[in-house]
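# kindly generate the corresponding structure for this input.
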Amino acid sequence: MGHSVGFRVDPRKDEPIHRQIFDQIVARIQTRAFPPGYKLPPTRVLARELATHRNTIARAYADLEAAGFVCGSVGRGTFVEEGP
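Just a heads-up that it's a prediction; the model follows:
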């Protein structure tokens, strides 16, 4: 994935960075900017882009998966799920 997805995080906000990422991804899923089957950037790539720790991105992705928005597969990536 060579292009930026344009996420913005603000470490000065009260809201944790992983939650800011979660909210931005959910918003894009709901508006279909990220349609079902869309592959999210790898955690390392997104962490580098946002100048944050990879574990922060991994937590956001884990929360998205727990909420049913995405499905992760080791070695393949993280993909947007079909809606209900």
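
# mind listing the strands for this protein?
If DSSP state E is used as the criterion, the strands of the chain fall at 70-73, 77-80.

# take those strands and lay them out in CSV including mean pLDDT and mean neighbour count.
Using the backbone N, CA and C atoms, a C-beta is placed for each residue, glycine as well. Output for these, formatted as CSV (pLDDT from 0 to 100; neighbours: other Cβ atoms under 10 Å):
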stretch, mean pLDDT, mean neighbour count
strand 70-73, 95, 15
strand 77-80, 97, 18
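
# any idea which of those strands gets closest to A47?
Closest approach to A47 among the strands of the chain is made by strand 77-80 (13.3 Å; Cβ to Cβ).

# other residues contacting the closest one?
Applying Cβ atoms under 8 Å, 6 or more residues apart in numbering, the external contacts of strand 77-80 come out as 29, 34-40, 42, 61, 64-65, 69-73.

# only C-alpha atoms, please: export stretch 39-54 in PDB.
C-alpha atoms of stretch 39-54 as PDB (Å, rounded to 0.1, in the frame of the first residue of the first chain):
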ATOM      1  CA  LYS A  39      -7.400  -3.500   2.800                       C
ATOM      2  CA  LEU A  40      -6.300  -1.200   5.600                       C
ATOM      3  CA  PRO A  41      -2.600  -0.200   5.600                       C
ATOM      4  CA  PRO A  42      -0.200  -2.500   7.500                       C
ATOM      5  CA  THR A  43       0.300  -1.500  11.100                       C
ATOM      6  CA  ARG A  44       4.000  -0.700  10.500                       C
ATOM      7  CA  VAL A  45       3.200   1.500   7.500                       C
ATOM      8  CA  LEU A  46       0.400   3.500   9.300                       C
ATOM      9  CA  ALA A  47       2.500   3.800  12.500                       C
ATOM     10  CA  ARG A  48       5.400   5.300  10.400                       C
ATOM     11  CA  GLU A  49       2.900   7.700   8.600                       C
ATOM     12  CA  LEU A  50       1.400   8.900  11.900                       C
ATOM     13  CA  ALA A  51       4.700   8.900  13.800                       C
ATOM     14  CA  THR A  52       3.300   6.700  16.500                       C
ATOM     15  CA  HIS A  53       4.100   3.300  17.900                       C
ATOM     16  CA  ARG A  54       3.000   0.200  16.000                       C
END
